[in-house]
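Asker: build me a model from this:
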Amino acid sequence: MTHRAVANRAVQRPNDTTIRYTISGPASGPTLALVHGWGCDRTDFDALTGFLPDRYRVLSIDLAEHGESRSARDIWTVEEFAGDVAAVLEAESVDTSVVVGHSLGGAVAVETGRILPDVVSHVVTLDALHYLALFPAQDEHRANAVLGSFHQDFAAATRAMVDSGTPEGTDPALKDVYFEKMVAVRQPAGLRSMEGLVRWDMDAALRDVHQPITVFAVREILTQEAVDRYGDRFRIVPVDLGSHHFHVESPEGTAELLTGVVDG
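Answerer: From the prediction side, this is the model:
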C-alpha cells in the first residue's frame, strides 16, 4: 500500500449544489472516477486508492447530500447524480476515464457513460446492476412495495437492505457498521434517491451506453437469472472478496480487479 498526496476540491452545480471530491495522482495517468453507493461516501474508497498504481489519477466523489457534498435540489434521479460525476470530470478536464460505481453508484456510472460517451471509456460496477428486484425499472406494484417499506420504517428497510447484501458468515459487527452509516443518510435525499433508483430504466440506459461494462458481483448473491438476463449485455465477474461492500473489506483485492480493467 502506498501513500498518495490527496487534494480536496469542489465543483458547483445548480440549486445550491456543491460537489466535493478528492484527487490524487498525475494528470497524465489513466483516470479512475470512483462513485460510492447509497447512504455511503467517498471515504469508502480511501484504503482501495492506496493500493492503486501511483501512475493512476484517482477521483473519489461525494454525490449530492452524501459525505461532504450539499444540495438544495428537488430532483434525486440517477441521471441527476450522474450530472454530479460529469461536473467533476469536466472541472478536471478529463479526456478519458474509467468510471467505477458501487451499488447505486453503479447505476450512476452507467448514466455518466450515457451523458459523456466520448469521455467514459469503461464502466465498472462493484456489486451493482445484477439485483433484479432493485436495478431494472420496477412496475408500480413492486416499486410501491419497496418504497413503502422505507416510508413506513426507514431503519428496518435499511437493515433489510444491508442483510440482503451480506453473505452467510459475515462478521455481524461489519453489518452494524454499514447499517449505522447508511441509516444516517441525509433526508430528503435518502428517500428520494431510493425512489430514483427503483424507477430508473436500466434497460433503456443500457441500450444507449456502448462502452464496455464490467460487473464485479458477490458470487454468493449473484443469481443465474441475472446472468441469463444481462450476461450478453455486460461482463459479469463473480468475486469472493466479502459482502456487498467488498471494496471496503478487501481493498487490495478490489484494486487488483480495477487495475486489470484499466491495464487490460
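Asker: contacting residues for the nearest residue to Trp38 once chain neighbours are set aside?
Answerer: Closest residue in space to Trp38, ignoring its immediate chain neighbours: Leu104 at 4.0 Å, by C-beta to C-beta, 6 or more residues apart in numbering. Where you see a C-beta, it was placed from the backbone N, CA and C, and this is true even at glycine. By C-beta atoms under 8 Å, 6 or more residues apart in numbering, the residues touching Leu104 are Gly37, Trp38, Val78, Phe81, Ala128, Ser193, Leu197.
Asker: neighbour-wise, give me the winner out of these.
Answerer: Phe81 (31 neighbours; other C-beta atoms under 10 Å).
Asker: middle-most residue in the protein, spatially?
Answerer: By C-alpha atoms, centre = their mean, the chain has its centre lying nearest to Gly105, at 1.9 Å.
Asker: so which strand or helix has that one?
Answerer: helix 104-115 (DSSP states H and E).
Asker: where's whatever helix or strand comes next after that helix relative to the chain centroid, distance-wise?
Answerer: Later in the chain than helix 104-115, the nearest helix or strand by DSSP H and E is strand 120-126. Chain-centre distance of strand 120-126: 10 Å, with C-alpha atoms, centre = their mean, to the nearest Å.
Asker: other SSEs contacting strand 120-126?
Answerer: When contacts are defined as 3 or more C-beta pairs under 8 Å, 6 or more residues apart in numbering; DSSP states H and E, strand 120-126 packs onto strand 97-102, helix 104-115, strand 213-218, helix 251-263.
Asker: if you set the cut-off to 6 Å instead, what comes out?
Answerer: In terms of contacts (3 or more C-beta pairs under 6 Å, 6 or more residues apart in numbering; DSSP states H and E), strand 120-126 is packed against strand 97-102, helix 104-115, strand 213-218.
Asker: and of these, who's closest to Phe51?
Answerer: strand 97-102 (13.5 Å; C-beta to C-beta).
Asker: angle of the closest one against helix 251-263?
Answerer: Computed by axes from the mean of the first three to the mean of the last three C-alpha atoms, to 10 degrees, the angle separating strand 97-102 from helix 251-263 equals 150 degrees.
Asker: and strand 97-102, which strands flank it?
Answerer: When pairing is defined by DSSP bridges, strand 97-102 lines up against strand 31-35 (parallel), strand 120-126 (parallel).
Asker: as CSV, could you dump the C-alpha coordinates of the first one?
Answerer: So that's strand 31-35. C-alpha atoms of strand 31-35 as CSV (Å, rounded to 0.1, in the frame of the first residue of the first chain):
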residue,chain,number,x,y,z
THR,A,31,-8.1,8.2,-14.7
LEU,A,32,-10.4,6.4,-12.4
ALA,A,33,-13.6,8.1,-11.1
LEU,A,34,-14.9,6.3,-8.0
VAL,A,35,-18.6,6.7,-7.1
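Asker: check the offset of the helix or strand of the chain with the lowest mean pLDDT from the chain's centre.
Answerer: Ranked by mean pLDDT, DSSP states H and E, the weakest helix or strand in the chain is helix 140-152, scoring a mean of 93. Mean-position distance between helix 140-152 and its chain equals 22 Å (C-alpha atoms, centre = their mean).
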